[in-house]
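>>> Here's my sequence, what's the structure:
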Amino acid sequence: MTGSARVPTTEITGLYGGVLKLAMRKMVGRVPESTAIMWHNPRVLKDTMGFGRKMEKWDQVEPNLATYAVMATAAHIGCSFCLDLNYFMTRHRGLDERKAREIPRWRESGVFTEGERRAMEYAEAISQTPVAVTDAMVEALLDDLGAPALLELTARIGTMNLMARTNVALGIHSEEFAEACGLEPLASRSVDVAS
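Numbers count the residues shown, from 1 in each chain. Below you'll find the model as predicted:
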């Protein structure tokens, strides 16, 4: 993990711990250090992972667009772990790696459609304090996606806010998953974009 977490790791034990380690190795090739940090409260880890698995079954938002929105949320909040893991997962889900790589600089990049830009702008607006969503944003996304998909997109962004803010608060940083599988480094913003 790059950087230093604010909470030490602990040993992952027990039957559920063994199952968790197997699942992590299957998903990312190893047991992430962040899992051993979150293991201090297995119930919190289990419940958040369980919700994440349920969320993966949602199907109203096109998978690439859902990924771009949650990655834009993570980039806005500054969660390197979330960015790295979601970028890594694009390869394993057969999504557009080229576009996912550009998320940290989506406003500058020329690879995104107007609809994708609206979704990422919405993700950033939700992630601000106070929330900066406008009626015009919602109206445009309703036209793009319809109400069921907009609700799903909003819930995905809200969930990423929970996870990203938790990771940042605990000092959980990127574990270089994307680099380990040979993905190009994530793009960097060439200028600081004010919120």
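>>> Break this protein down into its domains, please.
Segmentation of the chain into domains, based on automatic domain parsing, reads 14-55, 63-180.
>>> which of the ones you listed is buried the deepest?
domain 63-180 (a mean of 18; mean count of other Cβ atoms under 10 Å). All C-beta spots, glycine's among them, are computed from the backbone N, C-alpha and C.
>>> May I have the distance across that one, first residue to last?
End-to-end distance for domain 63-180, by Cα to Cα, to the nearest Å: 23 Å.
>>> ranges for the helices of the chain?
14-28, 33-38, 42-55, 63-77, 80-92, 97-101, 114-127, 135-145, 147-170, 177-180 (DSSP state H).
>>> Dump those helices to CSV, plus distance to Arg6 and mean pLDDT.
Below are the helices of the chain laid out as CSV (distance: least, Cβ to Cβ, whole Å; pLDDT from 0 to 100):
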stretch, distance to Arg6, mean pLDDT
helix 14-28, 21, 93
helix 33-38, 9, 96
helix 42-55, 16, 95
helix 63-77, 16, 97
helix 80-92, 13, 92
helix 97-101, 28, 94
helix 114-127, 21, 98
helix 135-145, 34, 98
helix 147-170, 5, 97
helix 177-180, 21, 83
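>>> Just put those helices in CSV and tack on distance to Pro8.
Listed next are those as CSV, based on distance: least, Cβ to Cβ, whole Å:
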stretch, distance to Pro8
helix 14-28, 17
helix 33-38, 7
helix 42-55, 15
helix 63-77, 23
helix 80-92, 17
helix 97-101, 32
helix 114-127, 29
helix 135-145, 41
helix 147-170, 11
helix 177-180, 21
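>>> can you tell which of the domains of the chain is closest to Ser4?
The closest of those to Ser4 is domain 63-180. By Cβ to Cβ, the value is 6.3 Å.
>>> How far off centre is the closest one?
6 Å (Cα atoms, centre = their mean, to the nearest Å).
>>> Hmm, Glu97 and Thr90 touching each other?
Yes - with contact defined as Cβ atoms under 8 Å, Thr90 reaches Glu97; the gap is 5.1 Å.
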